[in-house]
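J.: predicted structure and sequence below. I'll ask about it afterward.
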Amino acid sequence: MQERQTKQKAIIYERLKALDHPTATEVYTSMQKDYPSISRATVFRVLGGLAARGKAREIRVAGTDVRYDYNVENHYHAHCRDCGRVADVFLSSTEGIGNDAKVMNGFTVDGYTVEFFGRCKACSSAVKQEKR
């Protein structure tokens, strides 16, 4: 059965693409002025559906709201511990990384994620200013 492409889904997907790794609440809030009839539940449902169908990626970090990324190409993320910003990270090679899990623990690896944590450029600059 083919999925119905509604106007609301298209609008929500376009807003997702316009924002930088937003939460569902951020997508909903950004739409209120232009599309006041779209409900919060619709935004959450559509984003979850996009992720389930592989058209968006959920970014989950313990203790934070789920963020969404429209870019489903192979890449990773860096998370700022201060402001919560998420940035894309493209590594030149991760060849063989799954083999280590197999060799060390007998796992047959069918997927993995790499997440980086630290401080973004803006927050690093702010900390340097505070120390002066």
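T.: Noted; the coordinates are in hand.

J.: got the domain boundaries for the chain?
T.: Annotated domains of the chain cover 1-72, 73-132 [automatic domain parsing].

J.: could you tell me the least trusted of those domains?
T.: Within the domains of the chain, confidence is poorest for domain 73-132, with a mean of 82 (mean pLDDT).

J.: check the offset of that one from the chain's centre.
T.: Chain-centre distance of domain 73-132: 12 Å, with C-alpha atoms, centre = their mean, to the nearest Å.

J.: list the contacts of residue 60.
T.: residue 66 (C-beta atoms under 8 Å, 6 or more residues apart in numbering). To be clear about C-beta, it is placed using only N, CA and C from the backbone, and glycine gets the same treatment.

J.: okay, it and residue 77: tell me how far apart.
T.: Residue 60 sits 10 Å away from residue 77, going by C-beta to C-beta, to the nearest Å.

J.: got it, and residue 108?
T.: According to C-beta to C-beta, residue 108 and residue 77 sit 25 Å apart.
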